[in-house]
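Trainee: Give me coordinates for this.
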Amino acid sequence: MMTLNNTEFTVLGAGVAGLAVSTALAQRGAKVTLLEQADAIREVGAGLQVSPNGVAVLRALGLEQALVAAGMRNQAVHLRDGISGDTVVRLDLAVQRPDQAFYLMHRADLIEVLRAGAEAAGVELQLLQRVESVDLSGDQPQMAMATGASRHAGFLIGADGLHSRVRSALNGAVAPFFTHQVAWRAVIPAEPGEVVEAEVHMGAGRHLVSYPLRGGTLRNIVAVEERRQWVEEGWNLRDDPLEMRLAFARFSPRVRAWLERVDEVWLWGLFRHPVAKTWVGKNAAILGDAAHPTLPFLAQGANMALEDAWVLADCLDRLGIDKGLPAYQAARQERCARIVKAADSNARAYHLREPIRGLAHLGLKLGGAVAPGMILGKFDWIYRHDVTAAG
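Mentor: Predicted structure coming up:
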């Protein structure tokens, strides 16, 4: 519709949400400045999963071909008993969901796909732009920069993550709480010729997820353990690989062999942040982790960010800013809260203890044998939702 022609937007944060919304807005004619606090768009993070609802957004942005080139199409989700390594149930995506594409990829590769898309759309990326605080009380959003300078924006979008300055300006400060779960992230060289599938190894009070990346040359590992000891939130806390090995010492030889090859590992505490009550102001909005941080147990963080980006740009373009902002929040808030809640439930299901654990695994085995499609169908409300078809 191009009703956003030459409307000026400033976006904070060049992650998945920020790059995607910048591209979606610029493709609709907006003038977008994207501010990133780092000095470069670096290879950070590890693996992530792009499910069909996220693929739909990348397709609509004209980036599906780049996604296919950078990712690996997941063939199955394989739930295993962590101790024995035995199959509990294997959900064959290629057979049961041939019309839906699930991709496994390095976060840095998705960021590069989105960065190239933003550049092609005419987004202006400015690095080394750290924002210390945001003030939305005046006619225009004001940003206090780390350099001591002040900047203003015609319209400000906070894609600035867990510790979003824009979220705080809209909602005030809200303290998260520690879930008493920690997660290790690592990437190791992969064995050649392995099946392209996501494995979930489940144990009492802990689980490990692993899948191949980058054409099968790397293997991504996320290992989660319940513990009482508080751990700092964030991805930048190095840990000793031995700590992870000890936490999973009773797991199967397959898992232990992976962990023996870990040279570098990052540990972070998993905290629950409430879904923001207010996503929009008269000239500001938040999306992605800034609006609805989620635990990583449904692999929906990046996908929700992609959905948000499309819906925000679409609502502003179709309805104008005054009507588009409340329409955006109305379209997204309930769905995202439901996904966040479902991710919480998945964590509990992975960490069951005896005797419930044995009964639950038996139920999954029987379900997989009798009606495997029903297990996958439990999440059709996530995967079959296409925000690009709703406008």
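Trainee: Flag every buried residue along stretch 376-385.
Mentor: 376, 382, 383, 385 (16 or more other Cβ atoms under 10 Å). In this view, the C-beta of every residue, glycine as well, is placed from N, C-alpha and C.
Trainee: Point out the ones among these that are inside helices.
Mentor: Counting by DSSP state H, the part of the buried residues of stretch 376-385 found in helices is 376, 382, 383.
Trainee: The second one contacts residue 298, correct?
Mentor: To tie it back to what came earlier, the one meant is residue 382. Yes. The criterion here is Cβ atoms under 8 Å, and residue 382 meets it with residue 298 at 7.3 Å.
Trainee: Could you work out the end-to-end span of stretch 74-93 for me?
Mentor: Taking Cα to Cα, to the nearest Å, the first and last residues of stretch 74-93 lie 7 Å apart.
Trainee: hmm, who's touching that stretch?
Mentor: 49, 94, 100, 102-104, 195-203, 206-208, 211, 248, 250-255, 361, 364-365, 367-368, 372, 375-376 (Cβ atoms under 8 Å, 6 or more residues apart in numbering).
Trainee: rerun at 6 Å
Mentor: 94, 102, 104, 196-203, 250-252, 254, 361, 364-365, 368, 376 (Cβ atoms under 6 Å, 6 or more residues apart in numbering).
Trainee: Next, the buried residues of the helix or strand in which residue 94 is found.
Mentor: In the assignment (DSSP states H and E), residue 94 maps to helix 93-96. Across helix 93-96, burial judged by 16+ other Cβ under 10 Å covers residue 93.
Trainee: What ranges in the stretch 201-350 of the chain fall below the confidence cut-off?
Mentor: 230-236 (pLDDT under 70).
Trainee: Can you show me the helices along it?
Mentor: 241-247, 253-260, 301-350 (DSSP state H, counting those that start in this stretch).
Trainee: from the buried residues of stretch 376-385, which single one is nearest residue 270?
Mentor: Nearest to residue 270 among the buried residues of stretch 376-385: residue 382, at 20.2 Å, using Cβ to Cβ.
Trainee: Tell me the spacing between the closest one and residue 254.
Mentor: According to Cβ to Cβ, to the nearest Å, residue 382 stands 29 Å off from residue 254.
Trainee: what does residue 295 give?
Mentor: 25 Å.
Trainee: What of residue 70?
Mentor: 27 Å.
Trainee: And these two? Which one has more around it.
Mentor: Per other Cβ atoms under 10 Å, whichever of residue 70 and residue 254 has more neighbours is residue 70, with 19 against 12.
Trainee: Grab the nearest non-local neighbour of that one.
Mentor: Nearest non-adjacent residue to residue 70, counting by Cβ to Cβ, 6 or more residues apart in numbering: residue 109, 4.2 Å away.
Trainee: Buried residues in the host helix or strand of that neighbour, which are they?
Mentor: Taking DSSP H and E as the criterion, the element that holds residue 109 is helix 107-121. By 16+ other Cβ under 10 Å, the buried positions in helix 107-121 come out as 107, 108, 109, 110, 111, 112, 113, 114, 115, 117, 118, 121.
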